[in-house]
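*Asks:* Build me a structure from this.
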Amino acid sequence: MEPVKIGVIGGSGLSKIDELEVEDSVKVDTPFGAPSDEFLVGSISGVRVAFLARHGKGHSIPPTDLNYRANIWGMKKLGVERIIASGACGSLKEELPPGHIVVVDQFIDRTRHRADTFSGPGLVVHAMFADPTCAELSGKLYESACNVGASVHKGGTYLCMEGPQFSTRAESNLYRSWNADVIGMTNLTEARLAREAEICYASLALVTDFDCWHESEEDVTIEMVIKVMQKNAETFRKIIKEAIPKLSGERYCPCKEALKYAIITDADRIPDKIKEDLDLVLKKYL
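*Replies:* Next comes the predicted model:
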């Protein structure tokens, strides 16, 4: 199959993209098990794209139980070099009301129960993660969001919590004291793995509600989130339709060589099974 260089991960409210002209539904095997769903391969604005519904058919997989490694490895196996991810988020700031979008450039990790690296016993990898999203890709998405008239903010910190429950009021106020902008449950884990897979990753945080710190507003309800989510999904689709034709060129960012100095283990000490499983990223360095 011809490599597909652009991947889109649809989160809550984005289990499909109407603008995608689907050519094939591809089941991808990975060393880490099965991805959330089959990858829909087709074209958007004339450019080939691989789409994955993060939570699977019918939104059946909760954030903690997602097979993040399989999802990102599946993208890598298809040839993807750039991933655009959506994420429904709560707002931690007054100036980020529901319906606004944050092009995330930083994360804070509050997860506890998930695998978030391809390395492990037999292979030690310390990838740089100071700037966790791709500035080049994020910049193009921001420009496209402006072009379609979205209420968009360039840069912001995404606090990634474990879930599936929403925050307590005490937690929400703590995160605000850390100057976090939005809160979600998925995108940081994907960003970590995309970096190790040398894939550019950009996160569009779609604000659905004020988190429960905002006591003058109603507390978060699923009904409230879904209503705004539908409007956000429409805006996200407009953005990627505008952006994707601009993303087919060469990459000039450090993401494409993220492991160049990150593999610490001596090559002759890495088990053959690991070398075989991770051949897609290790072969050019070993």
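*Asks:* can you confirm Glu95 is in a helix?
*Replies:* No: under DSSP: H, G, I helix; E, B strand; the rest coil, Glu95 sits outside any helix and is assigned coil.
*Asks:* pLDDT score assigned to Met229?
*Replies:* For Met229, the model assigns a pLDDT of 88.
*Asks:* typed the wrong thing, it's Thr157
*Replies:* Looking at Thr157, its pLDDT stands at 98.
*Asks:* Quick one: the strands in this protein, in order.
*Replies:* Here the chain has its strands, by DSSP state E, at 6-10, 21-26, 39-44, 47-53, 82-91, 101-103, 106-110, 152-154, 157-161, 182-184, 200-210.
*Asks:* So which elements touch the first one?
*Replies:* I take that to be strand 6-10. With contacts taken as 3 or more Cβ pairs under 8 Å, 6 or more residues apart in numbering; DSSP states H and E, strand 6-10 sits against strand 47-53, helix 68-78, strand 82-91. Quick note: C-beta positions are derived from backbone N, CA and C, even for glycine.
*Asks:* how does it look with 6 Å?
*Replies:* Contacts defined by 3 or more Cβ pairs under 6 Å, 6 or more residues apart in numbering; DSSP states H and E place strand 6-10 against strand 47-53, strand 82-91.
*Asks:* how about the ones you listed in JSON lines, adding mean pLDDT, mean neighbour count and distance to Glu21?
*Replies:* Output for these, formatted as JSON lines (pLDDT from 0 to 100; neighbours: other Cβ atoms under 10 Å; distance: least, Cβ to Cβ, whole Å):
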{"stretch": "strand 47-53", "mean pLDDT": "97", "mean neighbour count": "23", "distance to Glu21": "9"}
{"stretch": "strand 82-91", "mean pLDDT": "96", "mean neighbour count": "26", "distance to Glu21": "17"}
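*Asks:* Which of the helices and strands in the chain ranks last by mean pLDDT?
*Replies:* Lowest on mean pLDDT, DSSP states H and E among the helices and strands of the chain sits helix 222-243, with a mean of 89.
*Asks:* what angle sits between it and strand 6-10?
*Replies:* 170 degrees (axes from the mean of the first three to the mean of the last three Cα atoms, to 10 degrees).
*Asks:* Which among the strands of the chain is found nearest to Ile226?
*Replies:* Across the strands of the chain, Ile226 has its closest neighbour in strand 200-210 (8.2 Å, Cβ to Cβ).
*Asks:* Return the alpha-carbon coordinates of that closest one using PDB.
*Replies:* The C-alpha trace of strand 200-210 is given here as PDB (Å, rounded to 0.1, in the frame of the first residue of the first chain):
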ATOM      1  CA  CYS A 200       5.000  15.300  14.000                       C
ATOM      2  CA  TYR A 201       2.100  15.800  16.400                       C
ATOM      3  CA  ALA A 202      -0.300  18.700  16.800                       C
ATOM      4  CA  SER A 203      -3.200  19.000  19.200                       C
ATOM      5  CA  LEU A 204      -6.300  21.000  18.700                       C
ATOM      6  CA  ALA A 205      -8.100  21.300  22.000                       C
ATOM      7  CA  LEU A 206     -11.800  21.900  21.400                       C
ATOM      8  CA  VAL A 207     -13.300  23.500  24.500                       C
ATOM      9  CA  THR A 208     -16.700  22.000  25.400                       C
ATOM     10  CA  ASP A 209     -17.200  23.500  28.900                       C
ATOM     11  CA  PHE A 210     -15.800  25.400  31.800                       C
END
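*Asks:* Also compute the angle for that strand relative to strand 82-91, please.
*Replies:* Using the same axes, to 10 degrees: strand 200-210 against strand 82-91 is 20 degrees.
*Asks:* residues of the least confident helix or strand of the chain that come out buried?
*Replies:* The neighbour-count check on helix 222-243 (16 or more other Cβ atoms under 10 Å) flags 224-225, 228-229, 232-233, 235-243 as buried.
*Asks:* picking up where we left off before, need the strands of the chain in JSON lines with distance to Lys284, can you?
*Replies:* Compiled in JSON lines, the strands of the chain are given as follows (distance: least, Cβ to Cβ, whole Å):
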{"stretch": "strand 6-10", "distance to Lys284": "20"}
{"stretch": "strand 21-26", "distance to Lys284": "24"}
{"stretch": "strand 39-44", "distance to Lys284": "24"}
{"stretch": "strand 47-53", "distance to Lys284": "22"}
{"stretch": "strand 82-91", "distance to Lys284": "19"}
{"stretch": "strand 101-103", "distance to Lys284": "30"}
{"stretch": "strand 106-110", "distance to Lys284": "27"}
{"stretch": "strand 152-154", "distance to Lys284": "33"}
{"stretch": "strand 157-161", "distance to Lys284": "30"}
{"stretch": "strand 182-184", "distance to Lys284": "33"}
{"stretch": "strand 200-210", "distance to Lys284": "17"}
